[in-house]
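Chemist: sequence unavailable; structure follows:
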């Protein structure tokens, strides 16, 4: 409740806005300052059996050192959330707070799943055909080894199967051309490894200009390139808004529609929201989290890497 | 005349389409199969004192090995063009042909300017405010050292000054966040070097979401990231076309409007066109080439690095 530039008001309004769409068996645990939360709920006349409030007395601010903040504020909403997730009191943790601190929590409180070299974050881009193309890594691992890109592909493939119900997801490698010799040595080697990984349905390199064509379900790249790609998409959405372009499909590029980016490869389901999250973004993040929890995503990943 | 997927018809039509806009003192040397060119010109009734035809009996095809093709086809339109440029018979060479072969020619026939570690290619993106933001490298150097990014910044700064008339161009480093600690070690070190280079007006990291805001004139990155960025922009333009979005500014994202990408840091002015160039793209490439030649760009770069 306390994370994000517009928290706690935006997070609370996001909760209020999503309750109707939430499954009857789902529970929403609101972690943050109890007084603030209770006051908001009573002011809104919100009484719901699925809502639970967990008091957290501390807040991690956006400009804090993430490691220090996470370790020195055990009563922050984030640290409490991770404690609840680690002890399986909750099935998924969603936060629009300090992204560095969210990742520190994921690595320290949950830890990487055994067999995973490096967890990553993913972003599912909407396609004109109504499907999605999930790109990973979009941020954590600014430097990668070829083997990591193969694991990202495996993680994306499990995500596509368990969350979207897509079997044998088509996997592409983001690259500057279709030939296997394209890109840096990292990408050349990753292409070779992906090609030889029999468990994957690798369809080859995918150029950014063809990313939205619907020929792949999962696209892998290093975290620096992926983050640049993600932020360039935001840049284009900004241009569309400035130019007052009104289009149903293109409006999906609004980050508020994304529902946050799942953290993959740690012992628990975590969804990382955008720091500037509005109430609508929070609502969509909660719905995305519900899906990931229902799919038991982290459990499936753990099983696959056993 | 012979380079590009739709050559020679598109290149010839591009010439026909641009003659009216070309300066009275400019000359256009058409290098390619003389019979084909002459037939086209007479069919179109095109007689112009500024047009010169140079016969070239060979063609470099898109699927050829660039080094071998350039060396083994001295009578190709590309090799002849480079010979003319190296001997200063022409002031600029433009080609929509095999981009690898164009680069091989630039490196072998012209060579890098002394003091330049690695030449690069640049792409000038249109901004809503009517100005441009030139991104470099967008393709050749898929792996970079921090020092190379500083040279890219210097090359971009000279381009902005000599071609656009912008003094003390504002330089940004493409990165995933504004803090100097962002990005891979390459980007962290490049930030430090750019900051300490007194001759540059370095304004810091620029996130892709802010790329089009008009706060910088020159943006530097490694060639892999730049090429991904360029091709993602093409991908968005493809989406805009699919969605039938009609907007004056956004239509500038059409590669046909770009006029090709200048090759910077070699001993001569070279403009690299898009392989799929249409007649309109060829016309704009010719106009961009005229500008670069009038600005004496390569000469200014040479002087700056003496």
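Modeler: Cool, the structure landed. Quick caveat: nothing in here was measured; it's all calculated off a predicted structure.
Chemist: show me which residues of the stretch 201-306 of chain A sit near chain B.
Modeler: Counting by Cβ under 8 Å from any Cβ of the partner chain, the stretch 201-306 of chain A comes close to chain B at A:207-212, A:224-225, A:227-229, A:231-236, A:238-240, A:242-243, A:245, A:247, A:249-250. Using the backbone N, CA and C atoms, a C-beta is placed for each residue, glycine as well.
Chemist: ok, of these, which come out buried?
Modeler: Buried positions within those, assessed by neighbour count (16 or more other Cβ atoms under 10 Å in any protein chain shown), are A:207-212, A:224-225, A:227-229, A:231-236, A:238-240, A:245, A:250.
Chemist: which of those fall within helices?
Modeler: A:224-225, A:227-229, A:231-236, A:238-240 (DSSP state H).
Chemist: let's have those in CSV, adding pLDDT and distance to residue B:304.
Modeler: Output for those, formatted as CSV (pLDDT from 0 to 100; distance: Cβ to Cβ, whole Å):
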residue, pLDDT, distance to residue B:304
A:224, 97, 30
A:225, 98, 31
A:227, 96, 33
A:228, 98, 29
A:229, 98, 33
A:231, 95, 32
A:232, 96, 31
A:233, 96, 36
A:234, 94, 35
A:235, 95, 31
A:236, 96, 34
A:238, 95, 35
A:239, 96, 33
A:240, 96, 39
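Chemist: quick one: residue A:298 is in a helix?
Modeler: Yes. Per DSSP: H, G, I helix; E, B strand; the rest coil, residue A:298 lies within a helix segment.
Chemist: which segments of chain A make up each domain?
Modeler: If you go by automatic domain parsing, the domain ranges for chain A are A:1-116+A:265-306, A:117-255.
Chemist: would you turn the ones you listed into a markdown table with distance to residue B:30?
Modeler: Compiled in a markdown table, the domains of chain A are given as follows (distance: least, Cβ to Cβ, whole Å):
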| stretch | distance to residue B:30 |
| --- | --- |
| domain A:1-116+A:265-306 | 53 |
| domain A:117-255 | 29 |
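Chemist: how about residues contacting the one helix or strand residue A:287 maps to?
Modeler: Per DSSP states H and E: residue A:287 is located in helix A:279-294. Residues external to helix A:279-294 that are found in contact with it (Cβ atoms under 8 Å, 6 or more residues apart in numbering or on different chains): A:4, A:10-11, A:13-18, A:21-23, A:26, A:28, A:91-94, A:96, A:163, A:255-260, A:262, A:269, A:271, A:273-274, A:277.
Chemist: try 6 Å
Modeler: The list of residues contacting helix A:279-294 from outside it, by Cβ atoms under 6 Å, 6 or more residues apart in numbering or on different chains, reads A:10-11, A:13-14, A:17-18, A:26, A:91-92, A:94, A:163, A:256, A:259-260, A:262, A:269, A:271, A:273.
Chemist: same thing with stretch A:52-70?
Modeler: For stretch A:52-70, using Cβ under 6 Å, 6+ apart, the contacting residues are A:2, A:29-32, A:34, A:37, A:73, A:75-78, A:80, A:98, A:100-101, A:104-105.
Chemist: buried residues in it?
Modeler: Of the residues in stretch A:52-70, A:53-54, A:56, A:58-60, A:64, A:66, A:69-70 count as buried by neighbour count, 16+ other Cβ under 10 Å.
Chemist: now the buried members of the contacts of helix A:279-294.
Modeler: A:10-11, A:13-14, A:18, A:26, A:91-92, A:94, A:163, A:256, A:259-260, A:262, A:269, A:271, A:273.
Chemist: how about the helices of chain A, start to end?
Modeler: For chain A, applying DSSP H gives helices covering A:9-18, A:34-43, A:66-72, A:77-86, A:99-105, A:146-164, A:185-196, A:223-242, A:279-294, A:297-304.
Chemist: just so I know, which of the ones you listed lies nearest residue B:199?
Modeler: If you check each of the helices of chain A against residue B:199 by Cβ to Cβ, helix A:223-242 wins as the nearest, at 26.9 Å.
Chemist: what helices and strands are in contact with the closest one?
Modeler: helix B:223-242 (3 or more Cβ pairs under 6 Å, 6 or more residues apart in numbering or on different chains; DSSP states H and E).
Chemist: again, 7 Å this time
Modeler: For helix A:223-242, the packing partners by 3 or more Cβ pairs under 7 Å, 6 or more residues apart in numbering or on different chains; DSSP states H and E come out as strand A:120-126, strand A:132-136, helix B:223-242.
Chemist: now render those as a markdown table, adding distance to residue A:286.
Modeler: Listed next are the helices and strands packed on helix A:223-242 as a markdown table, based on distance: least, Cβ to Cβ, whole Å:
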| stretch | distance to residue A:286 |
| --- | --- |
| strand A:120-126 | 16 |
| strand A:132-136 | 19 |
| helix B:223-242 | 28 |
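Chemist: tell me which of the ones you listed sits nearest to residue A:185.
Modeler: Within those, the stretch nearest residue A:185 is helix B:223-242; the backing value is 10.5 Å (Cβ to Cβ).
Chemist: now for the helices of chain A, which one comes closest to residue B:143?
Modeler: Distance to residue B:143, taken as Cβ to Cβ, is lowest for helix A:185-196 among the helices of chain A, at 7.2 Å.
Chemist: and the contacts of the closest one?
Modeler: When contacts are taken as Cβ atoms under 7 Å, 6 or more residues apart in numbering or on different chains, the neighbours of helix A:185-196 outside the stretch itself are A:144, A:146-147, A:149-150, A:153, A:171, A:173, A:175, A:180-181, A:200, A:202, A:205, A:222.
Chemist: show the buried residues in those.
Modeler: Restricting those to buried positions leaves A:144, A:146, A:149-150, A:153, A:171, A:173, A:175, A:180, A:200, A:202, A:205, A:222, with burial counted as 16+ other Cβ under 10 Å.
Chemist: start to end distance for stretch A:39-58?
Modeler: Distance between the boundary residues of stretch A:39-58 (Cα to Cα, to the nearest Å) amounts to 18 Å.
Chemist: so how far is it off the chain centroid?
Modeler: Distance, stretch centre to chain centre, for stretch A:39-58: 25 Å (Cα atoms, centre = their mean, to the nearest Å).
Chemist: for stretch A:130-148, same thing?
Modeler: Between the mean C-alpha location of stretch A:130-148 and the chain-wide mean there is a distance of 11 Å, by Cα atoms, centre = their mean.
Chemist: hmm, that stretch touching chain B?
Modeler: Yes. Under the criterion of Cβ under 7 Å from any Cβ of the partner chain, chain B is reached by stretch A:130-148 at A:142-143.
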